[in-house]
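# Sharing a model prediction with you, sequence too.
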Amino acid sequence: MALSAGDVPTMYAVLVNSLSANEAARRPAEAALAQCETRPGFCSCLLEIISARGLACREDVRLLATVYFKNSINRYWRQRRDSYGISNEEKDHLRKNLLLNIREENSQIALQLAVLISKIARLDYPKEWPDIFSVLAQQLQSADVLASHRVFMVLFRTLKELSTKRLAVDQKNYAEITSHLFEYTWNLWKSDVQTILQNLSMLSPRNDIDTILEQSNDLILICDRWLLCLKIVRQLIFSGYASDSRTAQEVWQVREVCPTVLTAIKSLLPYYDSFRDKQAKLWDFTKRACTKLMKVLVTLQGRHPYSFIHETVLPATVDFCLNMITNSEQSGTSFEEFLIQSMVLVKSVLECKEYRPSPTGRVINENTQPLSLEQRKKNFAAVANDMLKAVLPGDRVVLLCNILIRRYFIYTAKDLEEWSENPESFHHEQNLVQWTEKKRPCAEALFIIIFEKYRELLAPVVVSVLREAMAVSPPLETDITAGMLLKDASYTAAGHVYYELSNYLSFNEWFHGSLSIEVSNHHPNMRIIRRKIALLLGQWISEIKGDTRKLVYHALVGLLQDNDIAVRLAACSSLCYLFQESSFSELDLFECLPTCWTMSFKLIEDVQEFDSKSPLSYPMLIPILQSGINIDSPDALNLLEDSVLLWEATLSNAPSVVPQLLDLFPYLVGIVNRSFDHLEATIKIIEDYTIFGGQEFLKSHGASLAKIIDTILGNVNDKGLLTALPIVDLLVQSFWVQLFPVEAPPLISGALQKLIFISLSQDDGQNPSRTNVRVSSGAILARLLVMNTNFSAQLLSEPSLSASIQQAGISVNNNLLLSLVDMWIDKVDDANVVQQKEYAMALSVILTLQVPQVIDKLDDILSVCTTVIIGSREIKTEDDTSGDITSSSWLGNNNSGYSLSSKELRKRQVRDLDPIKQASLENVLRENLKAFAALHGDAAFNAAISRIHPAAFAQLQQALNTA
């Protein structure tokens, strides 16, 4: 039975009781709400309560109503077979009235309203809610600051939601939104910044700031609105245009926005110090504003690097950031978060691959023909390189290097205090913290980049700082002096760039003359140097030669016995690297092996954190694994099976894929080449590396991964293929945004060609396994076509593929794409629900391609799409869960609180972010039919449509017209 306006008082009373501390009142109320949420009118009643402002309605009850409303959108907005859903009439009522209730004084409720409006917009825009942006734009005309602030809050949340829709039609819609919204938002932002600066200038010398702000809250609201406008401007430029790194087409808004943003930073920074001890809100605003403004510059440079190459943008921004980093007089007007972003921007510019000069230099256009894409990119890179040479001459590079080591690498008194209080946490903080979160790691990351770019210039500088520090801080020093801290900083620098310093510094002389003596200095204060040496020995592993190697082993085992846990953990980490090194000598370690073994177990007992305990086993575990999974080892015959299982168990339980584990992956190539006896465990190992290793894994071992997949797909039987194909699908699903179109071809082209061969291979006969293999292979290829049509076309046009298929006697009618279309149409009934949608999406994309023969297949293509659309409304699959973190789907069946493993959680996140899962097949098909008609002409389109059976045409109309 539907709820109506007459039920609102009852609903309000139930919400009140659900907030009660009295369990006897709360539990029945929660049960009643759970029953009501499936009834029509529930969300309308909630909206009435949310809209009821004043003393008669409690704020906490209204806030709870917004939470229930938001959860109902997640669960019931999309109509499903097992739920009543929300009727179209009620949806229309809710959409209209939500936009009338945006002006909400309670900030928490306003935020929840913005979030739930954005969730509805993601599902309904543009089909069911085409006027959302025009209605919001009308409300912006009001002079009411609070009203415009709330509108911008809704706009930001909605734009952020819509930006995650990645299909071509969604990106086109986003570009249209950008063209309508950008100018107004940008002009308001520029107007607000002047208002803010005028007010800050007026208030900064006064001592009654709090009184003034209490009398009027407009300034704080304008400040918040200004930050929202900034986020919207950034979002529009980021998502409204394809990255110019692919198109080499300048985005004019970057040239417009960045200089103004830089000017705003310079104007606001002085107020950070002015309000520090005078007014907390304005001080906090200044801090947040400067940091966010710098983040905008970082984001736009990363998204549109070529548009950033302008005389008013790139050199001015880099020069400003360098001044903030190197000038000590700026320390009073800057702060850690802002300095981090300044370093991030300089680092991003210096390592930007689009700015690397071409060996052939700039392209001179000597004719009237427009420059090609690659020629335009070369010219952009040449201009950027000239700009960077001007803003970063040699003396400034040397100054930056010295400042980073001497100022930013130095431990502060706070660092040393944290170390003393909890050495274990301190060690993990130094090694596991994201480099963009703390000043020292960020400075170290920037140092590595500038050293790689200017290594010949900076190598002597680093060695000079190292020798200076060693001279002022003798090995037997016991006091924590500036010299000792500089020595630690110089050791840090030397560890990061060991690969180049070996040409300027003899490790043997350094070890015997200083490091070995310092390791033996057991004074508590020397833990600073002992820990750094423990790390240093692992970093310089390749330079440890001859008899020194045995001494280094003994030194590290000795450091395992240190009184400071941070030192012991560092020693343990370096021992792992030494054990993996190709020149590792068991004989050199033999004497101290019992001590090493004993102290490793002792360390496991002494540490408290799991991140410490798990990797601590690596000094023992990694050598065992290396020996067991090495097929050239004499013990491989007896140990390989158990070692592969141990390897998979280690990866599954590791807190992260650390370098020691990452370095093991190439062994898998030999194992697969030897036999497929361990195929199931092999696939799990690849899955672990893919899920947790991410881009670092692909960069390091992409070639090995490609070899393994090619070997498996080309040699195993149908059962083995069914085991292996999900990993190919996971690769495409997980990394398509990052991989395509540059890195994907060398990584997975061979595997994908094999899938084409399998999909088009011999008839299934009575073999269900062969049918499943063909269906699964076809689904991966369908996904590929939807996600990257150009790459798919390139793949299908490979001459070697056509030759192989012809040699196998497979008939393809001279067109592999059309043969795949026939396969998708033929096998759709054998596919599961997810695969059917992939088939239908691919067939819909086919309609937009310039393939004349497609018009003859229109009837079959539309039949498949219609069947999938109507079928998806009737069947709810396990994969179609809402993903709502407030639902019980995240708990075990008994609601005991058991949660998914991190691996399963990551796999679910990949599925939930899948653009094909998120896409509306109805909308895609509708848009692609329009493109099809435009491509082939109305006459041909109408003729093809007329050939469709009337009953099938009626079903098509039902599919496209029914939400």
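Sure, I can see it. Residues are numbered from 1 along each chain as shown.

# Low-confidence stretches in the stretch 851-963 of the chain?
Within the stretch 851-963 of the chain, the ranges that satisfy pLDDT under 70 run 873-913, 962-963.

# so where do the strands sit in this protein?
Assigned by DSSP state E, the chain shows no strands.

# List the contacts of the closest residue to residue 102 other than its chain neighbours.
Nearest in space to residue 102, with sequence neighbours left out and distances taken as Cβ to Cβ, 6 or more residues apart in numbering, is residue 150 at 4.7 Å. Heads up, the C-betas are built off the backbone N, CA and C, glycines and all. Residue 150 makes contact with 102, 103, 104, 110, 113, 114, according to Cβ atoms under 8 Å, 6 or more residues apart in numbering.

# Neighbour-wise, which one of those residues leads?
residue 113 (25 neighbours; other Cβ atoms under 10 Å).

# Residue 127: neighbour count?
Counted with other Cβ under 10 Å, residue 127 comes out at 12.

# That one and residue 865: what is the separation?
17 Å (Cβ to Cβ, to the nearest Å).

# Stretch 387-397: how far from the chain's middle?
Remark: stretch 387-397 is offset 32 Å from the chain centroid, using Cα atoms, centre = their mean, to the nearest Å.

# meant to ask about stretch 478-495
35 Å.

# same check, this time on stretch 492-500
In this view, stretch 492-500 has its centroid 29 Å away from the chain centroid, taken as Cα atoms, centre = their mean.

# Give me the pLDDT for residue 792.
Here the pLDDT value assigned to residue 792 is 86.

# How about the contacts made by it?
Residue 792 sits next to 781, 784, 785 when contact means Cβ under 8 Å, 6+ apart.

# nearest to residue 819, of those residues?
Closest approach between the contacts of residue 792 and residue 819, by Cβ to Cβ: residue 781, at 11.1 Å.

# count of residues packed around the closest one?
26.

# Test my guess that it contacts residue 820.
Yes - with contact defined as Cβ atoms under 8 Å, residue 781 reaches residue 820; the gap is 6.3 Å.

# Pull up the overlap in contacts between the two.
Counting by Cβ under 8 Å, 6+ apart, the residues touching both residue 781 and residue 820 are 756, 759.

# Now residue 26. Nearest residue, chain neighbours left out?
Setting aside the residues directly before and after it, residue 26 is nearest to residue 20 in space (Cβ to Cβ, 6+ apart), at 4.8 Å.

# Quickly note the distance from the one you found to residue 14.
Relative to residue 14, and taking Cβ to Cβ, residue 20 is found at 11 Å.

# Residue 423: neighbour count?
Residue 423 has 21 neighbours, counted by other Cβ under 10 Å.

# Ok, residue 533 next?
Neighbour count of residue 533, defined by other Cβ under 10 Å: 26.

# Who are the contact partners of it?
Residue 533 neighbours (Cβ under 8 Å, 6+ apart): 491, 515, 518, 519, 555, 559.

# which residue sits closest to the first one in space, ignoring its chain neighbours?
To tie it back to what came earlier, the one meant is residue 491. Of all residues not flanking residue 491 in the chain, residue 532 sits nearest, at 4.5 Å (Cβ to Cβ, 6+ apart).

# Could you do the fourth one as well?
When the adjacent residues along the chain are set aside, residue 519 lies closest to residue 555, with 5.0 Å between them (Cβ to Cβ, 6+ apart).

# quick one: the one you found and residue 512 touch, right?
No - the pair residue 555 / residue 512 is not scored as a contact, 11.3 Å apart, by Cβ under 8 Å.

# Pick out whichever of those two has more residues nearby.
residue 555 (23 against 13).

# What separation do you get for the residue nearest to residue 519 and residue 574?
Distance of residue 555 to residue 574, given as Cβ to Cβ: 10 Å.

# cool, and residue 452?
Using Cβ to Cβ, we find residue 452 at a distance of 23 Å from residue 574.

# Those two: who's more crowded?
residue 574 (23 against 14).

# Residue 644 touches residue 672, doesn't it?
No - taking contacts as Cβ under 8 Å, residue 644 lies outside contact range of residue 672: 10.6 Å.

# who touches both of those two?
The contact sets of residue 644 and residue 672 overlap at residue 682 (Cβ under 8 Å, 6+ apart).

# Now do the contacts for residue 752.
728, 780, 781, 784, 795 are the contacts of residue 752 under Cβ under 8 Å, 6+ apart.

# which among these gets closest to residue 390?
Looking across the contacts of residue 752 and measuring by Cβ to Cβ, the closest to residue 390 is residue 795, at 43.5 Å.

# any idea how far residue 809 is from that closest one?
Residue 795 is 22 Å from residue 809, where distance means Cβ to Cβ.

# out of the two, which sits in the more crowded spot?
residue 795 (22 against 7).

# Residue 769 versus residue 678, what's the distance?
With Cβ to Cβ as the criterion, residue 678 and residue 769 are 21 Å apart.

# Between these two, which has more neighbouring residues?
Neighbours were counted for residue 678 and for residue 769 using other Cβ under 10 Å; residue 678 has more, 22 against 13.

# Which residues are in contact with the residue lying closest to that one once chain neighbours are set aside?
Using Cβ to Cβ, 6+ apart and skipping the chain neighbours, the partner closest in space to residue 678 is residue 644 (4.7 Å). Residues near residue 644 by Cβ under 8 Å, 6+ apart: 628, 629, 671, 678, 681, 682, 685.

# what's the farthest-apart pair in those residues?
628 and 682 (14.5 Å).

# Check which residues of the helix ranked longest in the chain are buried.
Scanning the chain for the helix with the most residues, using DSSP state H, yields helix 168-203. In terms of neighbour count (16 or more other Cβ atoms under 10 Å), helix 168-203 has its buried residues at 169-171, 173-174, 177-178, 181-182, 185-186, 188-189, 192-193, 196, 199-200, 203.

# number of nearby residues for residue 34?
When neighbours are counted by other Cβ under 10 Å, residue 34 registers 9.

# Any regions of the stretch 451-600 of the chain where pLDDT drops low?
580, 582.

# give me phi/psi at residue 311?
Dihedral pair for residue 311: phi -60, psi -20, per degrees, to the nearest 10.

# How about residue 241?
According to degrees, to the nearest 10, residue 241 has phi -140, psi 140.

# Check it and give its pLDDT.
We have a pLDDT of 92 for residue 241.

# and it, how many neighbours?
22.

# Contacts only, for it.
By Cβ under 8 Å, 6+ apart, the contact list for residue 241 reads 175, 178, 251, 304.

# at 7 Å what do you get?
Residues counted as contacts of residue 241 (Cβ atoms under 7 Å, 6 or more residues apart in numbering) are 175, 251.

# isn't residue 821 right up against residue 857?
Yes - applying Cβ atoms under 7 Å, one finds residue 821 in contact with residue 857, separated by 6.1 Å.

# Would you mind telling me which of the two has more residues around it?
Taking other Cβ under 10 Å, residue 821 and residue 857 do not tie; residue 821 has more neighbours (23 against 18).

# From residue 147, how far off is the more buried one?
On the measure of Cβ to Cβ, residue 821 and residue 147 end up 53 Å apart.
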